[in-house]
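Novice: build me a structure from this.
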Amino acid sequence: MTDSEESFEETRARAEAGDAEAQCTVGLRYGGGHGVTQDDGEAARWYRKAAEQGHAEAQVNLGFCYRSGSGVAQDDEEAVRWYRKAAEQGHPRAQYFVSSSYVTGAGVARDPGEAEFWARKLAEQAIKRRPGKAKPWYQFW
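Specialist: Purely as a prediction, here's the structure:
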């Protein structure tokens, strides 16, 4: 057994025991074929386990599965539902995806106000993370 396989087996054991972080990691490994045979269905299954426990990164990844139809039936509404759960926890990539969904109308009705709300949330985080480096959202237009 290689280090990579041993590491995966240990992570999978934690995932099977209900560890959300490990479940997300197992999903990533299956999604990318890292140390295991690439399998979008398995990736989505593990993301769902972690996402249902409130793991924000897994919620974003599951949303992406639904947006792209990777391992699940393509469903923009379901994608936005998962993105929004993560966005409400402050996940920046999720906030971007929710905002862009309201701009394009993918999975939700177009709503410039909601798009701006989520874009502001994202910009506020960027400003906090890099004071003096990030521009306020309104300077991008």
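
Novice: any buried residues in the helix ranked longest in the chain, and which?
Specialist: As assigned by DSSP state H, the longest helix anywhere in the chain is helix 112-129. By 16 or more other Cβ atoms under 10 Å, the buried positions in helix 112-129 come out as Glu114, Ala115, Trp118, Ala119, Lys121, Leu122, Ala123. (Glycine included, C-beta is placed from N, CA and C.)

Novice: stretch 87-94 now?
Specialist: Ala87, His91, Pro92, Arg93, Ala94.

Novice: and it, how far out from the chain middle?
Specialist: 9 Å (Cα atoms, centre = their mean, to the nearest Å).

Novice: with secondary structure as new columns, can the buried residues of stretch 87-94 be given to me in JSON lines?
Specialist: Compiled in JSON lines, those are given as follows (DSSP: H, G, I helix; E, B strand; the rest coil):
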{"residue": "Ala87", "secondary structure": "helix"}
{"residue": "His91", "secondary structure": "coil"}
{"residue": "Pro92", "secondary structure": "helix"}
{"residue": "Arg93", "secondary structure": "helix"}
{"residue": "Ala94", "secondary structure": "helix"}
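
Novice: point out where the protein drops to low pLDDT.
Specialist: Residues of the chain meeting the criterion pLDDT under 70: 1-6, 129-141.

Novice: recalculate using a threshold of 90.
Specialist: 1-7, 35, 123-141 (pLDDT under 90).

Novice: helices along that one, start to end?
Specialist: 3-16, 20-32, 40-51, 56-68, 76-88, 92-104, 112-129.

Novice: point out the most buried one among the ones you listed.
Specialist: Ranked by mean neighbour count, the helices of the chain are led by helix 56-68 with a mean of 24 (mean count of other Cβ atoms under 10 Å).

Novice: for it, name the packing helices and strands.
Specialist: Identification of packing neighbours for helix 56-68 by 3 or more Cβ pairs under 8 Å, 6 or more residues apart in numbering; DSSP states H and E yields helix 20-32, helix 40-51, helix 76-88, helix 92-104.
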